[in-house]
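> The following block contains a protein sequence and its predicted model.
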Amino acid sequence: MINENDAKFGIPVLQPGQQELPSRLRVLKPKIDLKKCQKNYNCMVSCPHNAITVHANGYPTIDYNLCTGCLICLRECPAFAITEEHEKRVPKL
Ligand code: SF4
């Protein structure tokens with residue numbers, strides 16, 4: 001199980017036997033600035049949870065039901081088009 005202290009500090013950690021971090025524990029979430037996006041799709045390719053897909057307008061879009069908030073996409077974007085913001089809801093343990 002997820003330790004309550006882990007989620008409190010925004011560091012959900014996989015525990016033995018746990019397959020994936022559920023999105024409900026997300027403390028930070030990525031946000032894409034479409035004005036900066038260069039459509040190189042590094043974010044989509046790098047997302048380990050397949051939470052980013054391409055919208056009909058050609059821009060990447062994030063499925064927050066799948067996103068765990070790992071922020072790998074943020075680090076992989078060469079255009080710095082992805083920023084992080086705090087979740088407004090309290091993570092459910
Ligand atoms: S924060 Fe992680 S899970 Fe969420 S969209 Fe970015 S890479 Fe995918």
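Now that the structure is in, tell me what you want to look at. Residues are numbered from 1 along each chain as shown.

> What is the least confident helix or strand in the chain?
When each helix and strand of the chain is scored by mean pLDDT, DSSP states H and E, helix 4-8 comes last, with a mean of 53.

> Mind giving me the packing neighbours of the following helix or strand past that helix?
Sequence order places strand 28-32 as the next helix or strand after helix 4-8, per DSSP states H and E. Contacts defined by 3 or more CB pairs under 8 Å, 6 or more residues apart in numbering; DSSP states H and E place strand 28-32 against strand 60-62, strand 82-86. Every C-beta, even on glycine, is put in place using the N, C-alpha and C of the backbone.

> doesn't Asp63 make contact with Ala51?
Yes: contact criterion CB atoms under 8 Å: Ala51 and Asp63 qualify, at 4.9 Å.

> With neighbour numbers in mind, choose between these two.
Counted by other CB atoms under 10 Å, Ala51 and Asp63 do not tie: Ala51 has more neighbours, with 22 against 13.

> Now do the contacts for that one.
The neighbours of Ala51, taking CB atoms under 8 Å, 6 or more residues apart in numbering as the test, are 62-64, 66-68.

> Of the residues you listed, which is the nearest to Ile82?
Each of the contacts of Ala51 was scored against Ile82 by CB to CB, and Ile62 proved nearest at 8.9 Å.

> How many residues are close by the closest one?
19.

> That one pairs with what?
Under the criterion DSSP bridges, Ile62 forms beta bridges with Ile52.

> re the thing from before, out of the helices and strands packed on strand 28-32, which comes closest to the ligand?
strand 60-62 (5.0 Å; CB to the nearest ligand atom).

> And for that closest one, what's in contact with it?
Residues contacting strand 60-62 (CB under 8 Å, 6+ apart): 29-32, 37, 39, 41, 43-44, 51-55, 73.

> what mean pLDDT would you report for that strand?
Regarding strand 60-62, the rounded mean pLDDT is 97.
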